[in-house]
Structures are given as structure tokens and as C-alpha cells.
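> fold the following and give me the result.
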Amino acid sequence: MGLEIEYQLGQTPLDEDEKEGLKIKSITTQGELDEFEQLNIEKAVEWTIRVKLNTDKIMTEKFIKNLHKRMYSDVWKWAGEFRTSEKNIGISWTQIGVELKKLLEDAKYWVKNNTYSPDEIAIRFKHRIVSIHCFPNGNGRHSRMMADIIINSIFNEEIYTWHQSNMVKADETRKQYIKTLKEADQGNITPLIEFAKN
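Purely as a prediction, here's the structure:
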């Protein structure tokens, strides 16, 4: 019996070969997968607290990949590797490196020149990186952790609450989150900033 995943609104389905990358073969349900991923993510959060981070360390492809790897490497063989297939959301996989480089350069410029408020820089980065959709899965949680790292490590402000949710469950909080992402897609970033802070 293989892994059966129940995809929620806005989640990226895994290809069959990506599902083969599951390291813990005893996992067969969505609930078990969520639990193991959450434990792995908590280890990554602890790591971000221990290491000294600044703009130059954070705004690199190496850091982006390393964070994803730390979040998911106990569960997935492909953790920290860019996707190599098309998904229901995100840019063409062949453009990931190029678009990520543009985002990192833009974000360094925003920080250096105070182009936006700290919240807007963190949330604009989160929105752009999730739109690129660098990885086979875990992009939403990765992008939220990136926003937390940016606001805390670069601007020395409190991490976001994200409505006290990891948003893997299909509930009203997740629906509201998806709605704010769609508004950001249209150029209105304010609802996503407000969602992150409440």
C-alpha cells in the first residue's frame, strides 16, 4: 500500500516519482505525513534560532535550498532540490534558478535601500518565492519560514503568527490564507501582511 495524499486547496500534487522519495515507508496516511513533516520542521526552526543570520547569508540560493532540506530531509529524499517537473502552480521548472536569482537581488536591494517597510519586504519575498514554487512540495511552509527569518534576523522584529496555524488543514484559516495570496497575485500585498501578523 502506497502513500495516499489528500490535497487541500492550493496544495501541489506530487508526481509518482516524487512520492517514491518518501524515506519513511511506514507512512501511509496524510495525518502521519503531516506529523512527521511537522517534527522535521520544528528541528529546522530550532536551527534558525541557533545560527547567526544576516542579509548576505539569507539571500542566497544555497540558503534557500538548505532551509528546505533542513525542513524536510528526515521525510523526503528530494528535500532541498529544485523541482524538475511542471506543477499546477508556479513558473516553468526550467526558470526556477533565473527567477530566484532575480528575487534574491531584488530583496537585497529592498533591504539596503529601505524600499518598503520591514513587513512588506518579508511578505513580498514570501509571496514571490511561493509563486516561483522552487520545490516539489512544502513551498508554502518554506515561504512562511523565510518571511519569519527575514523579519526576525534582518529586522530584529517578532516572527509572524500566521493565525497560529501551519495551514495544512482545509479550514477557514487556510481559505483566508489562499484568498490573501490571490489578492497579492493581483498586486495587493496588504491583506497577506495583515494575515501574517494576526
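
> which of the helices or strands spans the residue lying closest to residue 83 once chain neighbours are set aside?
What sits nearest to residue 83 in space, not counting adjacent residues and going by C-beta to C-beta, 6 or more residues apart in numbering, is residue 136, at 4.6 Å. (Each C-beta comes from the backbone N, C-alpha and C, glycine too.) Using DSSP states H and E, residue 136 is not contained in any helix or strand.

> begin at 731 from now on, thanks
That works, and once the first residue is 731, the last one we named lands at residue 866.

> and residue 866, how close does it get to residue 897?
Residue 866 sits at a distance of 18 Å from residue 897 (criterion: C-beta to C-beta, to the nearest Å).

> higher neighbour count, these two?
A direct count of neighbours by other C-beta atoms under 10 Å for residue 866 and residue 897 places residue 866 higher, at 26 against 20.

> these two touch, right, the more buried one and residue 748?
Yes - taking contacts as C-beta atoms under 8 Å, residue 866 lies within contact range of residue 748: 4.6 Å.

> and for these two, which residues touch both?
Common contacts of residue 866 and residue 748 (C-beta atoms under 8 Å, 6 or more residues apart in numbering): 808, 815.

> could you tell me the model confidence score at residue 759?
Per-residue pLDDT puts residue 759 at 86.

> give the contact list for it.
Residue 759 neighbours (C-beta under 8 Å, 6+ apart): residue 734.

> next SSE after the helix or strand bottoming out on mean pLDDT in the chain?
Using mean pLDDT, DSSP states H and E, the weakest-scoring helix or strand in the chain turns out to be helix 746-749, at a mean of 89. Moving toward the C-terminus from helix 746-749, the first helix or strand encountered (DSSP H and E) is helix 760-780.
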